[in-house]
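# Next come a sequence and a model predicted from it.
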Amino acid sequence: MFGFGGNKKQLKEEVQSLREELEQIKNEAKGDYPLSWSDVFNGNVTASGAVVNTTTAMRVSAVFSCVRIISGAVQSSPVKIFKRDGESSLPAPNHSLSRLLSLRPNEHMTASTFWQMFTSQKVLNGNGYAGILRTRNGKPEALVPLLENRVEPYQAWQLGLDKKLNVSASRLYYQVMWDDGTSSVLDQDDMLHVPNIGWDGWKGLSTIKAAAEGMGLALSAEKSASKLFSNGMMPDLSISYPKNLSDDAFKRLRQHLDQRYSGAGNHHKPLILEADGSAKTLSLNAEDAQLLESRAFSVADIARFFGVPPVMIGQSEKTSSWGTGVEQMARWFTTFNMNPHFTSIEQELEVKIFRTGTYYAKFDESELTRGDTKTRHDSYKTARGSMQEPGYMTINEIRKREGLPPIEGGDVLQKPMIKEAAKNEQ
């Protein structure tokens, strides 16, 4: 590292040396990926030579798929508001914040877009941020999503605000850089902040940084594989002659092959040779085959970082693509991967948005765990109840889950007729 100190001449030399070091790293990366000063200082250049940042990481199909699936799961799960009533909870669809959370968090995007962006920032860069804009009486009126690199959290003592404002030294404040170039500091109550897994409890660990080497390997393997198969560099046939061909004969043979056998329509036509020529098929050598195997390994490795079953992002080798195995895997994904995301967001909303403890928000993840038609119908039979067993769902509640309108008399809960008859006899 360079220590900037001493006279002007020494300073210039150190700056020039640092520029040369940056240029060397750029040359080693061969210009295949965008490189910035931030990439150098933050250690985003991996051992494979690939630069891993948000832009390059999303070029890896496995990363793109994992982020799409996780953010899409949050995006497709509507936010519903409930009111606590003793030991039970009642839906509160008419709450004043219902539209803000489930339809229009701000004037330029829908809730679907907002939650997708918020979750993508969380799983990719380590922190999901959204500024809470309030009316004069403190009621939330908009949620503004913020890019992770535009926000920096500080504890009060770091800014000297603990003594100035007489607050706890560990209270969080967020310095935000806005689009117009201005910056401001927001109190923790005015910032919706859901960190990824982390070590200090107030700033999450970026999955990109944690999985940088695996993503870098995937980028390098993808580039190498592309070069392997581009421009016919991996032919599947060789032609040999017992004697060297003249220039005219070689040119005539090349022209003949291009005209008669190139293109998808001519791919399976028989090869015609003259002058004792012979043809031999080629296969991948061990090194090239290992390259393709490394690409498959990278997919599984990246999926582990994001907690997504490989089969859900198209890695179906050694896994059945049909049947209950994949269905159970999807349920596992919802339980062990998505539930932590849902819970962390729900708790942040309750603390920052509702505050009083009477109301709370919850993501409706029923569509994620929705089984096949037969399984759902069997479950509804149990929920509806029977002559011997009490029900816990009415007909209209079941119809609502299936997107059907209510019917007259459908709000009656099924009770066991045998137990009712015994009760009447007594």
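Ah, there it is.
# residues in contact with the residue lying closest to residue 191 once chain neighbours are set aside?
Closest residue in space to residue 191, ignoring its immediate chain neighbours: residue 174 at 4.8 Å, by C-beta to C-beta, 6 or more residues apart in numbering. C-betas here are computed from N, CA, C, even on glycine. The contact partners of residue 174, by C-beta atoms under 8 Å, 6 or more residues apart in numbering, come to 129, 151, 152, 153, 154, 185, 186, 188, 191, 193.
# Residue 205 too?
Taking C-beta under 8 Å, 6+ apart as the contact definition, residue 205 lies against 126, 196, 197, 198, 199.
# now the strands for the stretch 51-200 of the chain?
Listed in chain order, the strands of the stretch 51-200 of the chain (DSSP state E, counting those that start in this stretch) span 79-85, 88-91, 127-134, 140-146, 151-155, 172-177, 183-187, 191-195.
# So which residues make contact with the longest one?
This means strand 127-134. Contact with strand 127-134 is made by 105-106, 114, 118-119, 121-122, 140-148, 150-151, 174, 176, 186, 189-196, 203-204, 345, 352-353, as judged by C-beta under 8 Å, 6+ apart.
# what angle sits between that strand and strand 140-146?
Angle, strand 127-134 to strand 140-146, by axes from the mean of the first three to the mean of the last three C-alpha atoms, to 10 degrees: 150 degrees.
# quick one: strands adjacent to strand 127-134?
According to DSSP bridges, strand 127-134 forms sheet pairs with strand 140-146 (antiparallel), strand 191-195 (antiparallel).
# Can you give me the buried ones in it?
127, 128, 129, 130, 131, 132 (16 or more other C-beta atoms under 10 Å).
# How many residues are close by residue 347?
13 (other C-beta atoms under 10 Å).
# And the helices in the stretch 251-400 of the chain, which stretches?
286-306, 324-333, 339-349, 373-384, 395-401 (DSSP state H, counting those that start in this stretch).
# Out of those helices, which gets nearest to residue 169?
Counting by C-beta to C-beta, residue 169 lies closest to helix 339-349 out of these; the figure is 22.1 Å.
# Tell me what angle that closest one forms with strand 191-195.
Using the same axes, to 10 degrees: helix 339-349 against strand 191-195 is 160 degrees.
# Next one: residue 410 from residue 109, what distance?
Per C-beta to C-beta, to the nearest Å, residue 410 is found 37 Å from residue 109.
# One more: residue 190?
On the measure of C-beta to C-beta, residue 190 and residue 109 end up 19 Å apart.
# I'd like the strands paired with strand 127-134 laid out as TSV, including mean neighbour count.
Converted to TSV, the strands paired with strand 127-134 look like this (neighbours: other C-beta atoms under 10 Å):
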stretch	mean neighbour count
strand 140-146	19
strand 191-195	21
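# can you redo the ones you listed as JSON lines with distance to residue 360 and mean pLDDT?
Shown next, in JSON lines, are those (distance: least, C-beta to C-beta, whole Å; pLDDT from 0 to 100):
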{"stretch": "strand 140-146", "distance to residue 360": "14", "mean pLDDT": "96"}
{"stretch": "strand 191-195", "distance to residue 360": "15", "mean pLDDT": "96"}
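# For residue 64, find the nearest of those strands.
strand 140-146 (19.6 Å).
# picking that back up, who wins for most neighbours among the contacts of residue 205?
residue 196 (22 neighbours).
# follow-up on the earlier one: among the contacts of residue 205, which one sits closest to residue 96?
Using C-beta to C-beta, the contacts of residue 205 come closest to residue 96 at residue 196, 30.9 Å.
# Need phi/psi at the closest one.
Here is the backbone geometry of residue 196 (degrees, to the nearest 10): phi -70, psi -180.
# Once you drop chain neighbours, what's closest to it?
residue 204 (3.4 Å).
# Model confidence for that neighbour, exactly?
As predicted, residue 204 sits at a pLDDT of 91.
# ok, now how distant is it from residue 110?
For residue 204, the distance to residue 110 - C-beta to C-beta - is 25 Å.
# mind giving me the domain ranges of the protein?
Using automatic domain parsing, the domains assigned to the chain come out as 235-283, 372-426.
# Mean pLDDT lowest where, among the ones you listed?
Taking the mean pLDDT of the domains of the chain, domain 235-283 comes last: a mean of 63.
# on that earlier part again, which of the contacts of residue 174 count as buried?
Going by neighbour count (16+ other C-beta under 10 Å), those have 129, 151, 153, 186, 188, 191, 193 buried.
# and which of those is nearest residue 94?
residue 191 (27.5 Å).
# quick one on the thing from earlier: may I see the helices of the stretch 251-400 of the chain arranged in a markdown table, with distance to residue 161 as well?
Shown next, in a markdown table, are these (distance: least, C-beta to C-beta, whole Å):
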| stretch | distance to residue 161 |
| --- | --- |
| helix 286-306 | 36 |
| helix 324-333 | 42 |
| helix 339-349 | 22 |
| helix 373-384 | 53 |
| helix 395-401 | 49 |
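# Residue 302 reaches residue 58, doesn't it?
No. Contact criterion C-beta atoms under 8 Å: residue 302 and residue 58 do not qualify, at 11.8 Å.
# Those two - which one has more neighbours?
Remark: of residue 302 and residue 58, residue 302 carries more neighbours, 26 against 16, as counted by other C-beta under 10 Å.
# ok, and the closest non-adjacent residue to that one?
Residue 302 sits nearest to residue 62 (C-beta to C-beta, 6+ apart), 4.2 Å away.
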